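Novice: prediction below, plus the sequence it came from.
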Amino acid sequence: MEEAKNVTAKPSLEDTGTTPGVAPPGASSAGSVPAGSVPAGETSAGDSSAAPAAPDTRNTGPGRLLIAVYAVFAISATARAGYQILTKFSEAPLAYLLSAFAAVVYLVATVSLAKSGRTWFRVSVVAVLVELVGVLVVGALSVFDSVNFPHETVWSLFGRGYAFIPLLLPVLGLIWLYRRRPAPNRA
Amino acid sequence: MDAYFYIIMVVGLVSTVICLTAGILKKAPNDTTILSVAAVELSLLVYLVGSIVRVAGGEPIAGEPWEFWGYLLTALLLPVAAVYWAILERTRWSNFVLAAVGVTALVMAARMNQIWY
């Protein structure tokens, strides 16, 4: 379905490079146009005037990198929260519940970014906004109230333990969601 | 840090540099970038086999053993998942996905070393 939309929306041959994400069997043929595929992905994502014709997906081009990074954080945050809650929950229940909450946010963001359609778009926006608020609030609390927030979460110290990627991700996520927002006139 | 870590560090960093370069040069994933990620997987497999041999030989893991094996098995899945995700849509961006594998494996190998010793 998405595939068909992509084809009608972007007649250029080059665009095949951006769409085989939904057509794995065609991956081999896509290999013949590696160079041309790149600008196509950028223009279709960046040109807002093309928004009404663009397919309502966010799992293409740079979005794939974004989803991959979100997936890594979903896995690591889930593993970390699970480990903390199973082994030492009583030490710092609030911090470890925050860890678990962060893990859920990353999971929801990963899945919703990979899905097409307006509903998943809205879920993505909410998840990424919650993530942004979370990293800012938890980051600030861990700096200014380190007595009550001494225990590590993904968002502690604005994600310093993770090379500040947790702070960068929601910003990039919101930019990407804005560029790939669904057309306003489609219900 | 033991030899396993340094092997993964070197292979991981080389793979990341190769994939980043290919991405910056606007190339789609090709044999070079995918094989570099396969090399990361291979170095992780060496770590797996080496660790099994060491545990079988009676060497203790200082930290939580299941945490160590959890990290190792997750790390082993990453290159496979990244290559799968990258070849579904072969654009320059997929090379950046592949580039993430090397550094992630490096970080995870560092953590595995911490747990072991």
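Specialist: Ah, there it is.

Novice: residue ranges for the strands of chain B, please.
Specialist: Along chain B, counting by DSSP state E, no stretch forms strands.

Novice: point out where chain A drops to low pLDDT.
Specialist: A:1-54, A:148-150, A:185-187 (pLDDT under 70).

Novice: got the domain ranges for it?
Specialist: Using automatic domain parsing, the domain parsing of chain A gives A:2-50, A:62-179.

Novice: residue B:112 versus the spatially closest residue to residue B:117 that is not a sequence neighbour, what's the distance?
Specialist: Residue nearest to residue B:117 in three dimensions, not counting chain neighbours: residue B:62, with 5.6 Å by Cβ to Cβ, 6 or more residues apart in numbering or on different chains. C-beta: built from backbone N, CA, C; applies to glycine. Distance of residue B:62 to residue B:112, given as Cβ to Cβ, to the nearest Å: 12 Å.

Novice: neighbour count winner among these two?
Specialist: Set side by side, residue B:62 and residue B:112 show more neighbours around residue B:112, with 27 against 10, by other Cβ atoms under 10 Å in any protein chain shown.

Novice: mind listing what that one touches?
Specialist: The contact partners of residue B:112, taken as Cβ atoms under 8 Å, 6 or more residues apart in numbering or on different chains, are B:5, B:47, B:68, B:71, B:72, B:75.

Novice: let me know the pLDDT of the closest residue to residue B:16 other than its chain neighbours.
Specialist: Leaving aside its chain neighbours, residue B:16 sits nearest to residue B:102 (3.4 Å; criterion: Cβ to Cβ, 6+ apart). Per-residue confidence (pLDDT) for residue B:102: 92.

Novice: what sits against residue B:102?
Specialist: Counted by Cβ under 8 Å, 6+ apart, residue B:102 has contacts B:11, B:12, B:13, B:14, B:15, B:16, B:17, B:19, B:36, B:37, B:40.

Novice: hmm, back to that, closest one of the contacts of residue B:112 to chain A?
Specialist: Set against chain A, the nearest of the contacts of residue B:112 by Cβ to the nearest Cβ is residue B:71 (8.3 Å).
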